Structure formats: structure tokens, C-alpha cells
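S.K.: please work out how this folds:
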Amino acid sequence: MSIESLAAALEHEHREIDQGIEDFVSALAAGESRPEPLMRAVHALRRHIYLEERFLFPQLRQAGLVAPVFVMLREHGQIWKTMDALELALDTGAAGPSMLKLCRELTVQLQHHNLKEERVLYPQIDQILTASADAELRAFLDSGRLPDGWVCERAPR
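M.R.: Numbers count the residues shown, from 1 in each chain. A predicted model of the protein is given here:
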């Protein structure tokens, strides 16, 4: 992995996801319908949530960060719901204003969520992860895929 710390790698994923949403919104504002950047961002965000819930959060809980992880899981559920709405809107050909509203909603959710992760949880990663968990997470960052049908722990049912 070219990025030394896991925290930096996860923050980099945040920026890439944000950029995909921003690219879609910019194109939409210019009158262009290019769903690819948004679709890539949503897929990357689902994968990112998976890696946090599968590899990172269990270790953080064991280290005593139960309350912050609880908050992150709840927010993952809210973000997941917004992503579901965005995908449905794309599938049904929703108009620009409704897509912009959903993109703004997701952007605001991510701004608040990512800030907490980056300030509270990510600084702990390199200190608390076991060597095997660190290696497993790095391997997933390099080439892992979201398992088919996986949904986050707090996804709306």
C-alpha cells in the first residue's frame, strides 16, 4: 500500500467519494446527465462502510470506543438510506432538482460523519489494530470487494 497509515488511506477514500458526488452535481448543474461519477461514489461508499463495520469497528469497540462506534453505525444507516434513495432516483430517471436535493443531503451527512470519524476514530486506528487486523484491512483496501447483498448493520429494513 502506498499510503503509510490506515487513517490516511481511509481519509483518502472519503475525498474520492466526495469528489464523485461533486462531479455528478457539477455536471447536473451544467445540464449534463452523467450518472457514472455518482454511481462510482455510491459503490465506493458502500464498500467503505463495509470495511469499517467489518474490519475497523470491532477493534475500536474492544479498545473501549463503544459510544463513538454506536454513533457511526447509526449514521451509516442514515447514509445507507440516502444512497438507496439516490440509486432508486437514478433507476427511475428522476429530474435534476430531486437528484440535487438527495446529493446535498448525502453531502451534508458525509461532512458531519466523516469529520467525526477523522477526528475521533481514525487517530486511534494505528495504535489499536492488531497486526493481523491491520494486514487484513490493508489487503481489503488494496483489492477487496463488497460482498454481494451485504447491507450495513443499521440499514433501514
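S.K.: off-centre distance for stretch 86-99?
M.R.: Here stretch 86-99 shows a centroid-to-chain-centroid distance of 20 Å under the convention CA atoms, centre = their mean, to the nearest Å.
S.K.: going forward, begin numbering at 12 instead of 1
M.R.: Okay, using 12 as the starting number, the last item reads as stretch 97-110.
S.K.: poorly predicted segments of this protein, please.
M.R.: For the chain, residues meeting the criterion pLDDT under 70 lie at 12-14.
S.K.: what residue lies at the spatial centre of it?
M.R.: The geometric centre of the chain, computed from its C-alpha atoms, lies nearest to Leu56 (CA atoms, centre = their mean), at 3.3 Å.
S.K.: so it touches Met94, yeah?
M.R.: Yes: the pair formed by Leu56 and Met94 meets the contact definition of CB atoms under 8 Å, at 6.4 Å. C-beta: built from backbone N, CA, C; applies to glycine.
S.K.: how close does the residue nearest to the centre of the chain sit to Leu121?
M.R.: Between Leu56 and Leu121 the distance, using CB to CB, to the nearest Å, works out to 8 Å.
S.K.: common neighbours of these two, please.
M.R.: Overlap of the contact sets of Leu56 and Leu121 (by CB atoms under 8 Å, 6 or more residues apart in numbering) consists of Ile28, Ile90.
S.K.: just the buried residues of stretch 123-136, please?
M.R.: Taking 16 or more other CB atoms under 10 Å as the neighbour-count basis, stretch 123-136 is seen to contain the buried residues His124, Asn125, Glu128, Val131, Leu132, Tyr133, Gln135, Ile136.
S.K.: and the end-to-end length of that stretch?
M.R.: Across stretch 123-136, the straight-line distance between its terminal residues is 19 Å, by CA to CA, to the nearest Å.
S.K.: what backbone torsions are found at the residue lying farthest from the centre of the chain?
M.R.: Checked against the mean C-alpha position of the chain, the extreme residue using CA atoms, centre = their mean is Gly42, at a distance of 27.0 Å. Dihedral angles phi and psi of Gly42 (degrees, to the nearest 10) take the values phi 80, psi 10.
S.K.: can you list contacts of stretch 114-128?
M.R.: Residues from elsewhere that reach stretch 114-128 (CB under 8 Å, 6+ apart): 21-22, 25, 28-29, 32-33, 35-36, 39, 49, 56, 63, 79, 82-83, 86-87, 89-90, 93-94, 97.
S.K.: rerun at 6 Å
M.R.: By CB atoms under 6 Å, 6 or more residues apart in numbering, the residues outside stretch 114-128 that reach it are His25, Ile32, Val36, Glu86, Ile90, Thr93.
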